[in-house]
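S.K.: Give me coordinates for this.
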Amino acid sequence: MSRADVRGEPVEESEATAPGTVPGPGAVRSPSPLWSFGLLRSELLITFRRWRTLALLAVLAAVPILVGIAVKIETSDGSSLGGGGGGGGGGEGPAFISQISNNGLFLVFTALAATLPFFLPMAIGVVAGDAIAGESSAGTLRYLLVAPAGRSRLLLTKYATVIAFCLAATLVVAVSALAVGALLFPVGDLITISGTRITYAEGLGRALLIALVVAASLVGVAALGLFVSTLTGSGIAAMATTVGLLITVQILDQIPQLDALQPYFFSHYWLSFADLMREPVYWDDLVKNLGVQALYAAVFGSAAWARFTTRDITA
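M.R.: As a prediction, this is how the structure comes out:
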């Protein structure tokens, strides 16, 4: 006998998976790869069709527009903007904003630098925190587990969906900034942080690489949010806790007395993507950043799996 689960996928019922029961972590399952792809596709569609998700993406897309308009107004009389310090992982923002009026492609780098400390990770925290807890508070989690996915496969699908949102959110910022920059400012060859000139095509390639690095810089927050989401049955509580932890870590990252611990904070090397605009590229902080993100993904991903595969599902 078959019926449709809450994701619209056909589910075969058996004695091992009776109606109204939630299989435990040791239940025997044999879902096909095609079914697993369907589950991932369904999760992606549900996530990106939510009004909350669309609102978050709209806010992210608006940031480059506001920055571009502000710079255009500020430089309309022919004056130039002052730049900040150099790039790197020490917490100083890259000196890209002073270059926007000369080349609109720099708006991409400025917008990513402006959204990475708060807007991007906050959006990721909302989506990750709601991944499991939101299903539980809506009463759909136990029905998802009736389907032949298994807890591990479902958790992995949820995490893959959050990672996809990380990439989508970053690309939304980059594409919006690229369009606004080309519309409001001249484009052409770029001057790197090191003072060398590169072609516009190479600048576009580096912009894409920077966007991918920024997306990869958020996998630690995604894993942390997913872990928090397995600890509670309230989606709002999980989202608030994840965002609260994000703010707390960034505050701690600015306290000089904690300099020995700061290299292990997931946000410490976020702005190291500026080193991709050096000639030659300075890789040290970039590698450290990716290593820290991989560590957070491994630790909190494992903790999320251990919690989710052993907890009692009542909703």
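
S.K.: Show me the shaky parts of the stretch 101-250 of the chain.
M.R.: Within the stretch 101-250 of the chain, the ranges that satisfy pLDDT under 70 run 139, 142, 145-149.

S.K.: try it again with 80
M.R.: 134-150 (pLDDT under 80).

S.K.: Could you pull out the strands in it for me?
M.R.: All strands of the stretch 101-250 of the chain, identified by DSSP state E, counting those that start in this stretch, fall at 190-191, 197-198.

S.K.: Mind giving me the packing neighbours of the first one?
M.R.: The elements that strand 190-191 packs onto, with contact taken as 3 or more CB pairs under 8 Å, 6 or more residues apart in numbering; DSSP states H and E, are strand 197-198, helix 200-216. Just so you know, the C-beta spots here come from the backbone N, C-alpha and C atoms, and that holds for glycine as well.

S.K.: Output stretch 96-106 as PDB, nothing but the C-alphas.
M.R.: The C-alpha trace of stretch 96-106 is given here as PDB (Å, rounded to 0.1, in the frame of the first residue of the first chain):
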ATOM      1  CA  PHE A  96      37.800  48.600  -2.200                       C
ATOM      2  CA  ILE A  97      35.200  51.400  -1.600                       C
ATOM      3  CA  SER A  98      37.600  54.100  -2.700                       C
ATOM      4  CA  GLN A  99      38.000  52.400  -6.100                       C
ATOM      5  CA  ILE A 100      34.300  52.100  -6.900                       C
ATOM      6  CA  SER A 101      34.000  55.400  -8.700                       C
ATOM      7  CA  ASN A 102      36.900  54.400 -10.900                       C
ATOM      8  CA  ASN A 103      35.700  50.900 -11.700                       C
ATOM      9  CA  GLY A 104      32.300  49.500 -11.000                       C
ATOM     10  CA  LEU A 105      33.600  46.000 -10.500                       C
ATOM     11  CA  PHE A 106      35.000  47.000  -7.100                       C
END
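
S.K.: tell me how far it is from the chain's mean position?
M.R.: Centroid displacement of stretch 96-106 relative to its chain, using CA atoms, centre = their mean, to the nearest Å, is 25 Å.

S.K.: List of residues touching it?
M.R.: 67-68, 71-72, 75, 80-84, 107, 109-110, 113, 178, 180-191, 200, 203-204, 207, 274, 277 (CB atoms under 8 Å, 6 or more residues apart in numbering).

S.K.: repeat that with 7 Å
M.R.: With contact meaning CB atoms under 7 Å, 6 or more residues apart in numbering, stretch 96-106 is reached by 71, 75, 80-83, 107, 109-110, 113, 181-182, 184-188, 190, 200, 203, 207.

S.K.: for the helices and strands packed on strand 190-191, which one ends up most surrounded?
M.R.: Stretch with highest mean neighbour count among the helices and strands packed on strand 190-191: helix 200-216 (a mean of 18; mean count of other CB atoms under 10 Å).

S.K.: returning to what we had before: would you show me how to pick out the buried ones of the contacts of stretch 96-106 in ChimeraX?
M.R.: Filtering the contacts of stretch 96-106 down to the buried ones (16 or more other CB atoms under 10 Å) takes a single ChimeraX command:
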select :71,75,107,109,110,113,181,184,185,187,190,203,207
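
S.K.: about what we covered before: can I get the helices and strands packed on strand 190-191 in a markdown table with distance to Ile247?
M.R.: Below are these laid out as a markdown table (distance: least, CB to CB, whole Å):
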| stretch | distance to Ile247 |
| --- | --- |
| strand 197-198 | 36 |
| helix 200-216 | 19 |
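
S.K.: what's the spacing between Ala260 and Leu252?
M.R.: 12 Å (CB to CB, to the nearest Å).

S.K.: ok, those two, which is more surrounded?
M.R.: Neighbour comparison, Ala260 and Leu252: the larger count goes to Leu252, with 15 against 7 (by other CB atoms under 10 Å).

S.K.: Angles on the backbone of the more buried one, please.
M.R.: Main-chain dihedrals, Leu252, degrees, to the nearest 10: phi -60, psi -30.
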